[in-house]
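> Following is a predicted model, sequence given first.
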Amino acid sequence: EAQVTQNPRYLITVTGKKLTVTCSQNMNHEYMSWYRQDPGLGLRQIYYSMNVEVTDKGDVPEGYKVSRKEKRNFPLILESPSPNQTSLYFCASSLGTSGGVAEQFFGPGTRLTVL
Amino acid sequence: GQNIDQPTEMTATEGAIVQINCTYQTSGFNGLFWYQQHAGEAPTFLSYNVLDGLEEKGRFSSFLSRSKGYSYLLLKELQMKDSASYLCASSNQAGTALIFGKGTTLSVSS
């Protein structure tokens, strides 16, 4: 089944404790992206990747890192999480390298709480 | 810059028709997307318009006017399961990312 998977689905952590949210897609998509979704603010892009080893900042990159060593995986790293990073996170992928011109497929989401 | 506006909330009854409007201002235009998102779930793709006019897909239709920077999503024969948030999205200038509106929460009652 074609899908985007994320792990973990739910995470409660404490300020400063490094964490990684994994994202994997099995559709051979070039483009992958991370979003956060907050009430009243909608979906905002954190980072995106147009291909292996090619990543760039989105609208809200502060406090986050990403890597794209393989085509299928795009982990999101929070080196020192803070309470303002409490949010619902979505990973997405799409065919082609231009994420703005093709349907994006979203993972199920990761609900993160930073205490 | 990019700006996408849509109403925050709408209500309707089962069997009715509802139109969700979206206005956008983008430096470069590469098409307009609509996504549906049920509470706590991932957004799912509904439609993509790149040319002016109406695209129909079952009970859902989407319209685009590029000259007016305007789109709408039309939902017919509403069902309770259509209660969800509807997100309008357009490309950034470089075409490298989607910019989403804040979403319209539609509540369908019986």
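Sure thing, it's come through.

> Quick check: residues of chain B near chain A?
By C-beta under 8 Å from any C-beta of the partner chain, the residues of chain B that approach chain A are B:30-31, B:33, B:40-45, B:48, B:87, B:90-92, B:94-103. For glycine as for every other residue, the C-beta is placed from the backbone atoms N, C-alpha and C.

> residue contacts, residue 102?
If you meant another chain, say so; for now it's chain A. A:Tyr31, A:Ser94, A:Leu95, A:Gly96 (C-beta atoms under 8 Å, 6 or more residues apart in numbering or on different chains).

> Wait, chain B was what I had in mind.
Going by C-beta under 8 Å, 6+ apart, B:Lys102 touches A:Gly40, A:Leu41, A:Gly42, B:Gln6, B:Thr8.

> helix/strand/coil for the closest residue to A:Phe74 other than its chain neighbours?
Nearest non-adjacent residue to A:Phe74, counting by C-beta to C-beta, 6 or more residues apart in numbering or on different chains: A:Met32, 4.1 Å away. Using DSSP: H, G, I helix; E, B strand; the rest coil as the criterion, the local structure at A:Met32 reads strand.

> I'd like the distance between the most centrally placed residue in chain A and chain B.
In chain A, the C-alpha nearest the mean C-alpha coordinate belongs to A:Trp34, at 2.8 Å (C-alpha atoms, centre = their mean). A:Trp34 sits 11 Å away from chain B, going by C-beta to the nearest C-beta, to the nearest Å.

> How many residues are close by the closest residue in space to that residue that isn't next to it in sequence?
Leaving aside its sequence neighbours, A:Trp34 sits nearest to A:Ile46 (C-beta to C-beta, 6+ apart; 4.3 Å). For A:Ile46, the neighbour count with other C-beta atoms under 10 Å in any protein chain shown is 24.

> can the contacts of B:Lys102 go into TSV with extra columns for secondary structure?
Shown next, in TSV, are the contacts of B:Lys102 (three-state DSSP):
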residue	secondary structure
A:Gly40	coil
A:Leu41	coil
A:Gly42	strand
B:Gln6	coil
B:Thr8	coil
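
> and the closest residue to chain B within chain A, helix, strand or coil?
For chain A and chain B, the shortest gap (C-beta to the nearest C-beta) falls at A:Gly100, measuring 2.9 Å. Secondary structure of A:Gly100, reduced to three states by three-state DSSP: coil.

> Tell me the buried residues within the contacts of A:Ala102.
Among the contacts of A:Ala102, those buried by neighbour count (16 or more other C-beta atoms under 10 Å in any protein chain shown) are A:Tyr31, A:Ser94, A:Leu95.

> Intersect those residues with the contacts of chain B.
Within these, nothing lies near chain B by C-beta under 8 Å from any C-beta.

> okay if I get the residues you listed as JSON lines plus pLDDT?
Output for these, formatted as JSON lines (pLDDT from 0 to 100):
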{"residue": "A:Tyr31", "pLDDT": "94"}
{"residue": "A:Ser94", "pLDDT": "93"}
{"residue": "A:Leu95", "pLDDT": "89"}
